[in-house]
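Chemist: Give me the fold of what follows.
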Amino acid sequence: YDWLFVENSSFQLGSIYLYIILFLLLLVPTFLMGVSLPLLSKAFKNIGNQGNFISLLYFTNTLGAAIGTFITSFYLIPNMGFEKAIYVAAGLNFFCGLSVLLFNYLFKKEENQQDEKAGLTEKLFEEEFNIPFKFWLIQYFISGFTAISFEIIWFRMIDVMMKSYAVTFSIILTIYLGSMAVGTWLGVLYNNKYKTGKLKTFLWIQASLYTYVAVSIVLLYFSVENIGFLEPLRGYFEGYDEIPSFKLRLISMLIIPVFLMSIPTFIMGFSFSVSQNIIQNDFSLVGKKLGTLQFINIAGSTAGAWFASLIGFEILGTSLTLKLLLLAGFIYIGILGYQTYLSKINVGVMSLVLLVLVVFIPGKQDFWRVVSGVKEEANFIFSEDKTALSSIKIGEENATVFINGLGQSHFPMKTDYFHIMLGAVPA
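Modeler: Model (predicted):
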């Protein structure tokens, strides 16, 4: 960073070259991160339920990531600075590696004496093991695609409502990872208690995930638009700058993000535990299966990030992008019917409910108008792309420019609509 952006800041690198440099810088550490979980999944042979063991590894890793996000953003960087915070993270990572080497040295003899018999997932008393592995590959790709797309959309929405607060992403990531960790842990408890019906449970909660996302968006829209006691919140969204109100900050920085994200990300974690309990039925294939699924899930996440940013925000708009993502819920409703877990009537009812919810999600103009706190459509001009949401709010005395919800400047000629359009929008 010092060499590229400080000492040689005069270099005019094109976006493609900058992308390649960043890719090469991140390649080694992220490669090692990705290879860690598949290798560790086969570290212990007689661990019992292998699916639960993998889920517990995922739980502790995700919980640590959530705690690390919170501590780094709210303590390390504010008190120590960015550079020293990196040294702390590197030191902790070095300690992890050293502890693994020490553990391997101390317990190597015991490992060599382990029984070669693998500890498998308990036998399920139904035909869940007969599900083709291709099904799980498709499922993990879809879940990665939609999960990262939802996260990007949530970030854009919450960033606008928080008025582009410095720690917006940290708050979102903490809630996202923390809820996922809790879901993973409760999924392990579920696996220990129930030995059958796991595929049915998996499909049900996946369908519920998309339904809840639709419900939460619709409820947020109609609540801000129509409920009287939320008028101060709407006024905060509309306002030029932050307001020193603890109640409004609490709602925008905690309650709304938790309302939007906690249930869907909880379901993501729970689904991982349940799916791994079904999939991991052969110890000799544990690492291969987990590594393949992790790869396809990350590939789906990468595709989802590109789709949401480069196609969604840039071409389709947030509202239409969200609606298209929610259509994935029909896949799980259809599979529930195909597997005869639902009658045809219930499949039709669930599909109709999800379809109605998708229809009730407002179009892009009303979507951002309400999130931005503006009452009248005529008083709101906006444009969005992969970088930000830019808007002009026309008030009684002047018109104001906003970037991601935060006021930037005022126009003195409030009533001169044509000058506003000619001068401000192209700029």
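Chemist: hey, let's count contacts and neighbours off CA atoms from now on
Modeler: Will do.
Chemist: isn't S319 right up against F360?
Modeler: No: under the criterion of CA atoms under 8 Å, S319 makes no contact with F360, lying 10.8 Å away.
Chemist: who's more crowded, these two?
Modeler: For the pair S319 and F360, the greater number of neighbours falls to S319 (20 against 17), based on other CA atoms under 10 Å.
Chemist: How much space separates that one from R369?
Modeler: Shown here: S319 relative to R369, a distance of 12 Å by CA to CA, to the nearest Å.
Chemist: Need the three-state assignment for the residue most central in space within the chain.
Modeler: Centroid-nearest residue in the chain, with CA atoms, centre = their mean: E151, separated by 3.4 Å. At E151 the chain is in helix, as set by DSSP: H, G, I helix; E, B strand; the rest coil.
Chemist: before we move on, what about S383?
Modeler: Secondary structure for S383, judged by three-state DSSP, is strand.
Chemist: thinking again about what came up before, what does the pLDDT read for the residue nearest to the centre of the chain?
Modeler: pLDDT for E151: 95.
Chemist: all numbers from here: first residue = 686
Modeler: Sure thing, new numbering starts at 686, so read that last one as E836.
Chemist: What's the local residue count around F914?
Modeler: Using other CA under 10 Å, F914 has 10 other residues around it.
Chemist: no, scratch that, I was asking about Y895
Modeler: 21.
Chemist: pLDDT on stretch 734-748, on average?
Modeler: Mean per-residue pLDDT for stretch 734-748: 88.
Chemist: Next, the buried residues of it.
Modeler: In terms of neighbour count (16 or more other CA atoms under 10 Å), stretch 734-748 has its buried residues at 734-744, 747-748.
Chemist: Closest one to F992 out of the residues you listed, please.
Modeler: T747 (24.9 Å; CA to CA).
Chemist: That closest one sits in which helix or strand?
Modeler: Using DSSP states H and E, T747 maps to helix 735-756.
Chemist: List the contacts of Y850.
Modeler: D844 (CA atoms under 8 Å, 6 or more residues apart in numbering).
Chemist: What separation is there between it and S1068?
Modeler: For Y850, the distance to S1068 (CA to CA) stands at 20 Å.
Chemist: hmm, back to that, T831: which of the buried residues of stretch 734-748 is nearest?
Modeler: Closest approach to T831 among the buried residues of stretch 734-748 (CA to CA): T747, at 18.6 Å.
Chemist: For M765, see how far away the residue nearest to the centre of the chain is.
Modeler: Following CA to CA, the distance that separates E836 from M765 is 29 Å.
Chemist: Which neighbouring elements make contact with the host helix or strand of S1094?
Modeler: Assigned by DSSP H and E, S1094 belongs to strand 1091-1096. In terms of contacts (3 or more CA pairs under 8 Å, 6 or more residues apart in numbering; DSSP states H and E), strand 1091-1096 is packed against strand 1084-1088.
Chemist: Outside of the strand it packs on itself, list whatever touches it.
Modeler: With CA under 8 Å, 6+ apart as the criterion, strand 1084-1088 contacts 925, 1073-1079, 1092-1099.
Chemist: mind redoing it with 6 Å?
Modeler: Residues outside strand 1084-1088 that contact it (CA atoms under 6 Å, 6 or more residues apart in numbering): 1074-1078, 1092-1096, 1099.
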